[in-house]
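Chemist: Okay, predicted coordinates and the sequence, questions at the end:
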There are 2 protein chains.
Amino acid sequence: MDDLIAELAGVLGEANVFVTPEDQAPFLTDWLGKYHGAARAVIRPGSTAEVAAAMRICARHAAPVVPQGGNTSMSGGATPDETGKAVVLSLARLNSIRDIDAVGNTITVDAGVILAKVQQAADAAGRFFPLSLGAEGSCTIGGNLAANAGGVAVLRYGTMRELTLGLEVVLADGRVWDGLTALRKDNTGYALRDLFIGSEGTLGVITGAVLKLFAQPHARASAFVAVAGAAAALSLLGAVRDRCGDRLTAFEFMTGDCLSLILRHIGDARLPLAAMPQAAVLIELSDQDDEAGLRERLEAALADGIEAGLVLDAAIAQDGAQARAFWRIREGVSEALVREGKAAKHDVSMPVSAMADFVAAADAAVHAVAPGISPIVFGHLGDGNLHYNLLPAEGQDPAAFAALAPELTRVVHDEIGRRRGSISAEHGIGQLRVSEMPRRKAPLELELMHQLKHLLDPAGLLNPGKLLPPSTKN
Amino acid sequence: MDDLIAELAGVLGEANVFVTPEDQAPFLTDWLGKYHGAARAVIRPGSTAEVAAAMRICARHAAPVVPQGGNTSMSGGATPDETGKAVVLSLARLNSIRDIDAVGNTITVDAGVILAKVQQAADAAGRFFPLSLGAEGSCTIGGNLAANAGGVAVLRYGTMRELTLGLEVVLADGRVWDGLTALRKDNTGYALRDLFIGSEGTLGVITGAVLKLFAQPHARASAFVAVAGAAAALSLLGAVRDRCGDRLTAFEFMTGDCLSLILRHIGDARLPLAAMPQAAVLIELSDQDDEAGLRERLEAALADGIEAGLVLDAAIAQDGAQARAFWRIREGVSEALVREGKAAKHDVSMPVSAMADFVAAADAAVHAVAPGISPIVFGHLGDGNLHYNLLPAEGQDPAAFAALAPELTRVVHDEIGRRRGSISAEHGIGQLRVSEMPRRKAPLELELMHQLKHLLDPAGLLNPGKLLPPSTKN
């Protein structure tokens, strides 16, 4: 046992320092199965103080540290590299809900708490925590913070950044920044909190957070709507929003090809429309109460949409079971993509008004590279966020498609660049997109990011190889 | 004419470089009349490029730069010190609305645009920009960003930080960071935007911004409600929020002493209640449409409140004129305070659930220091933000009161510290509170802030003496 391992075991107990391949295995491969790394140790501290002690030890030994929550990153953000030098720091044992304040509408949690557990705790206190995404049964709050998670309710409630009031962070040298305040307004200096949120574990290890809670929306109304394409969906979005305001909680777009893929792979998904449309949107409204009034409002908005030629067909959920069936379609997409095989994935955002134009331009650009390629497009239209995925042409050799993938990604991201969009709306940079940063970010912006990184992690030990490409300067 | 002045005049034109006392006067005193400074020059660049050129010149001459918008800071944040070394950089000529995107719900503006002009431009495009505060007719967007402005609609729409998507910033060395993107979601690196927001001009000069727009709320309902005190107001807040959710736009608290002060000084303010209450709240709901439904909802919430003994009396506005009359009371408070004379002002925030307890404890603490002192308390209860102001006891000598003020501030802020609150919820640190920072912030937090300052402004030229106390380290 080397010194580092012995010291870590001394502080955390041997049971919380994994060194065998069997014990380490679950922590070394990302859940998409794309990245496989190696680790000197996987450690599982049980408290903020233990995280701090472990960080001091790793800093002294100059050991890189890879923080890991639920290991559900979509971009390899929590998987160590193959050198085997890193210590994987799992936050899983920091899993307490520290406090819930139903009057102040806040919940204080450890970073390792699973998202679904926070939702449930809020519900039990008669409140609502709105962050909701596919991995909510296994992803952790710390990971949601590190990645500034998005999901299906951003339109109404914002991303993780906007849902967060306070943070507790262990710095690279083991010091603890206690920013665990529950303040809605606090103008007393620089936004340290926002610096750590979205930094993918490269600036510090988040160990706790104070999150916002909301009044529970007891009424919901949902519709599954056929539209001609992204342009019509965008016009419909504007009309629904003007009529429904904040009641609009979700506006999820899927192309017909995306729907076909889902129906092919997900046995219990059923299309609630008479025929396969060119595209569809899943609309959800929510409110404190008055479900009948909400449904009337949705019906009226859709009637306007039919009048205007935007809505070609529509199903309105008559009960919760029908609404869940609509969501089963939308939520089946990730699974369907995995079953179909390797897709070239893009998680892009742009100004909302540029989306219809982008879809047309990106489709044309990828077909110019490779005719027959199949774009599977879905996403959060109201947030300007599309998951623009590409599947091989029918019968195309997987190796040939894999060889084309970088070129396909380049042309998709070029179309994003033309619209001042982002190559990562919600999935983060991680390992997957880090090599693209120099092309997609202005040199000044990269320089400032490198300086911030150097300030908070001068030895470069925190989650190396993620988010930031190697500096060309130092 | 010295070299600095000559060079600035060469780039900006002599007409935009003020050197005489008469020309400079409006820029050297804060609007509360509390701070008076001196300047080597007041410059008025007309574009981002001119700001950048001016910053390069000032950097070369090691001249401190004090950015200034509408000069409405509540904490002396835009007034130069008395040394006369600083260049005051007015953004007033950067006053164009660059773009408005009614589909994407964004507006792109120069930093010098007056807040009311942004509200009007949004309105003309059928959209809504929610930031609203007393100084909106003269404060600028750049100042709102530098101070992370709050105001009366934070409860529903958030502070300026939450209303902002993109920024353009001229750095201390004259380089321009173009972060002027209109993205609702963008996870591609560190939150540079949030670092500049709320930094009070100490990290860079904001020259432009992309702001969020919203659907117009066409329906409103307002009530002026008598309550027994802060505890009852807090219970009422919870009940109204559970019933009305996002419709709740404002929940403004005033004590009876505060109301009396307003009625004494503001000629056209009329109390809409039968008798002067112990305390009152102004409640505003808003929605897309259905004003009758909104008023019914408000009436039902108040009926519940009467039942529960929380609401002692209430007036519901029957039309827009009555609603404006309610707001005239609330908005009269700043003016009333100015007319009454020098108050010891505190702009504090805390967890919402701690507010009633704070008011009782702070009242007791100040009366222990000085019996007879008169707390004038009002604020944004739903945000955990109170303006806790103190007026002299009747007949107290102003000089004696002024001598007591630091001690009064200390005990008020101590009560805030006990509740992990903030000594500046929305007015900023500026000059007014900078000496308190070492006592109120953890050493690690101050150290990180100093490092960030040094990173972005190594020569310490940007708005010196504001926000951050001198470093004890370097």
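Modeler: On my side now, so go ahead. What you see is a predicted model; the values in this text were computed from it and never measured.

Chemist: Centre of the chain to the lowest-mean-pLDDT helix or strand in chain A, how far?
Modeler: The helix or strand of chain A with the lowest confidence, counting by mean pLDDT, DSSP states H and E, is helix A:333-340 at a mean of 90. Helix A:333-340 sits 17 Å away from the centroid of its parent chain (CA atoms, centre = their mean, to the nearest Å).

Chemist: ok, residues contacting that helix?
Modeler: A:32, A:134, A:254, A:258, A:261-262, A:264-266, A:343, A:345, A:376, A:378, A:387, A:389, A:391 (CB atoms under 8 Å, 6 or more residues apart in numbering or on different chains). Every C-beta, even on glycine, is put in place using the N, C-alpha and C of the backbone.

Chemist: List the buried residues for that helix?
Modeler: Residues A:333-334, A:336-337, A:340 are the ones in helix A:333-340 that count as buried (16 or more other CB atoms under 10 Å in any protein chain shown).

Chemist: can you check stretch A:218-234 too?
Modeler: A:219-227, A:229-234.

Chemist: so of these, which ones are in strands?
Modeler: If you go by DSSP state E, the buried residues of stretch A:218-234 have A:219-227 in strands.

Chemist: As a markdown table, these with distance to residue B:359 and pLDDT would be great.
Modeler: As requested, these are arranged in a markdown table below (distance: CB to CB, whole Å; pLDDT from 0 to 100):
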| residue | distance to residue B:359 | pLDDT |
| --- | --- | --- |
| A:219 | 35 | 96 |
| A:220 | 38 | 96 |
| A:221 | 41 | 97 |
| A:222 | 44 | 98 |
| A:223 | 47 | 98 |
| A:224 | 50 | 98 |
| A:225 | 50 | 98 |
| A:226 | 56 | 98 |
| A:227 | 53 | 98 |
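
Chemist: Out of the residues you listed, which comes closest to chain B?
Modeler: Taking CB to the nearest CB as the measure, chain B lies nearest residue A:219 of those, at 9.9 Å.

Chemist: The closest one reaches residue A:294, doesn't it?
Modeler: Yes. The criterion here is CB atoms under 8 Å, and residue A:219 meets it with residue A:294 at 5.0 Å.

Chemist: Just the residues contacting the helix or strand hosting residue A:145, thanks.
Modeler: Per DSSP states H and E, residue A:145 falls inside helix A:141-146. Residues from elsewhere that reach helix A:141-146 (CB under 8 Å, 6+ apart): A:67-70, A:72-73, A:77-78, A:91, A:94, A:109-115, A:118, A:131, A:149, A:160, A:164, A:167, A:196-201, A:206-207, A:209, A:211, A:428.

Chemist: go with 7 Å
Modeler: Surrounding helix A:141-146, the residues in contact under the criterion CB atoms under 7 Å, 6 or more residues apart in numbering or on different chains are A:69-70, A:72, A:78, A:91, A:109, A:111-113, A:115, A:118, A:131, A:160, A:164, A:197, A:199-201, A:206, A:209.

Chemist: Quick check: strands, which of those are part of them?
Modeler: A:109, A:164, A:206, A:209.

Chemist: a markdown table for the buried residues of helix A:333-340, including distance to residue B:38?
Modeler: Putting these into a markdown table (distance: CB to CB, whole Å) gives the following:
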| residue | distance to residue B:38 |
| --- | --- |
| A:333 | 64 |
| A:334 | 63 |
| A:336 | 69 |
| A:337 | 65 |
| A:340 | 71 |
